[in-house]
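Novice: requesting a structural model of the entry that follows:
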Amino acid sequence: MRATSRPVAATLLPALLVLGLSGCAEPSLPSEPATPEAEAPTETPTPEPDRAELVAMVGELVGSLERARDLLIEAAEADDPDTASRAADQALAQLVVGLGDAEPEGRAVFPGVTSQERGGSGDADDALTLALTAASDAGGRLGDEVSDVLRDPLAGDLGSWQRDPAGLVELARQVGAADGDLDATEAAVLELPGEGTRAIAWAMLAADAQGADVATYAERGATHLDFALEALQAALGNGTSS
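Specialist: The predicted model follows:
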């Protein structure tokens, strides 16, 4: 007997189902390209004239600080009291406008009067104010680096040095020697804001002291100025390397 053929529809149905299912599958989409990372904003370079002015003003400030430090070292190493007192007094004159009996070499570091008393900030005759103005004008990384160091560690309280320098000088003067107790004197000096202000206090003590105390006080004042100088020179190097 001849075998009966399977219906064509029954044979094709499974194949059509397979084709239909595969046709309904979602087509693979091309992968989206990775979004590039946002580039860091390019820093606007400091204009060359402003940059040059700032470097010059910082150089002048560094020179005044070095001169004051060297005078304090001279006071510490002097063989006779008169030479020691004279060197300490010269250091005071180099640190603050109008302080001490001597004349500073170049500009003194800190102002002695407010900008209103001297007739406007354009008449500034101290190295700190001129360097701060130059840093503000220059901007950029170098200006920011210098401004930060002028604020801390050098001045400690930059606003007060601009508004009431005489008040800060008087604050340093009030420290005084704590009845020969060096530890107490050091603690009182460290309460003052900024390495420059602390150096002023030690210079005042050295100028008024006698005997071995002159060397002790002068050495400590020189050390505080060294801290400020190191920070300023590092800021200048960081800012000019960019």
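Novice: only C-alpha atoms for contact and neighbour calcs from this point on.
Specialist: Will do.
Novice: could you list the low-pLDDT ranges of this structure?
Specialist: Counting by pLDDT under 70, the chain shows low-confidence ranges at 1-47, 115-122, 177-180, 239-242.
Novice: change it to 80
Specialist: 1-49, 114-123, 176-180, 238-242 (pLDDT under 80).
Novice: which parts of it are helices?
Specialist: Listed in chain order, the helices of the chain (DSSP state H) span 8-24, 48-77, 81-95, 127-138, 140-149, 158-163, 165-175, 182-190, 195-208, 212-240.
Novice: contact partners of the third one?
Specialist: When you say that, I think you mean helix 81-95. Residues outside helix 81-95 that contact it (C-alpha atoms under 8 Å, 6 or more residues apart in numbering): 64-65, 67-69, 71-72, 74-78, 99-105, 107-110, 200, 203-204, 206-211, 214, 218.
Novice: among these, name the buried ones.
Specialist: Neighbour counting by 16 or more other C-alpha atoms under 10 Å classes 64-65, 67-69, 71-72, 74-76, 78, 99-100, 103-104, 107-110, 200, 203-204, 206-207, 209, 214, 218 among the contacts of helix 81-95 as buried.
Novice: nearest residue to the middle of the protein?
Specialist: In the chain, the residue lying closest to the centroid (C-alpha atoms, centre = their mean) is residue 149, at 2.0 Å.
Novice: contacting residues for it?
Specialist: Taking C-alpha under 8 Å, 6+ apart, one finds 228, 231-232, 235 in contact with residue 149.
Novice: now do residue 135: how many residues are near it, please.
Specialist: The tally of other residues near residue 135 (other C-alpha atoms under 10 Å) stands at 27.
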